[in-house]
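Undergrad: Let's see this in three dimensions:
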Amino acid sequence: MSIPNKLSQKWLKDKAPIQAAEDSEPNRDVAIAMIEARKAAGLTQEQLAHRMKTTISAIVRLESGETRATVPILERFAASTDTRLKISFEPIKN
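TA: Residues are numbered from 1 along each chain as shown. Prediction:
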């Protein structure tokens, strides 16, 4: 068996990559919502960064899901895009 095949078999048995993907889902959902809100507000990343008093690279990291958005950041984002922050909890679907 080739090395890539051995690794694939190991990864299939290892639940860590699956858990990592599931753990990143909320970050991805927040990032997508941020992108949609920014675009709906008619803002570029540069304009949003200026309104939030941050850097374009910080906006890129938030929108890529690379950086986890905290509630204070989300509040600044909402104010900068003339939106209202709404946080909700939904039942987990099996």
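Undergrad: Neighbours of L85, how many?
TA: Neighbour count of L85, defined by other Cβ atoms under 10 Å: 13. Placement of C-beta: from N, CA and C, glycine included.
Undergrad: And V30, by the same measure?
TA: 19.
Undergrad: can you tell me how far it sits from E63?
TA: Per Cβ to Cβ, to the nearest Å, V30 is found 10 Å from E63.
Undergrad: I56 now?
TA: In terms of Cβ to Cβ, I56 sits 10 Å off from E63.
Undergrad: higher neighbour count, the two?
TA: Neighbour totals were compared for I56 and E63, and E63 leads with 18 against 14 (other Cβ under 10 Å).
Undergrad: Mind jotting down where the helices sit in this protein?
TA: Using DSSP state H, the helices of the chain run over residues 3-13, 16-40, 45-52, 56-64, 71-80.
Undergrad: Out of the ones you listed, which gets the lowest mean score?
TA: Mean pLDDT is lowest for helix 3-13 out of the helices of the chain, coming in at a mean of 56.
Undergrad: list the residues that contact both of I56 and E63?
TA: Common contacts of I56 and E63 (Cβ atoms under 8 Å, 6 or more residues apart in numbering): Q45.
Undergrad: Make sure A78 is actually in contact with R84.
TA: Yes - contact criterion Cβ atoms under 8 Å: A78 and R84 qualify, at 6.1 Å.
Undergrad: In terms of neighbours, single out the busier of the two.
TA: Between A78 and R84, counted using other Cβ under 10 Å, A78 has the larger neighbour count: 15 against 7.
Undergrad: Please name the nearest non-neighbouring residue to the more buried one.
TA: Closest residue in space to A78, ignoring its immediate chain neighbours: L85 at 4.1 Å, by Cβ to Cβ, 6 or more residues apart in numbering.
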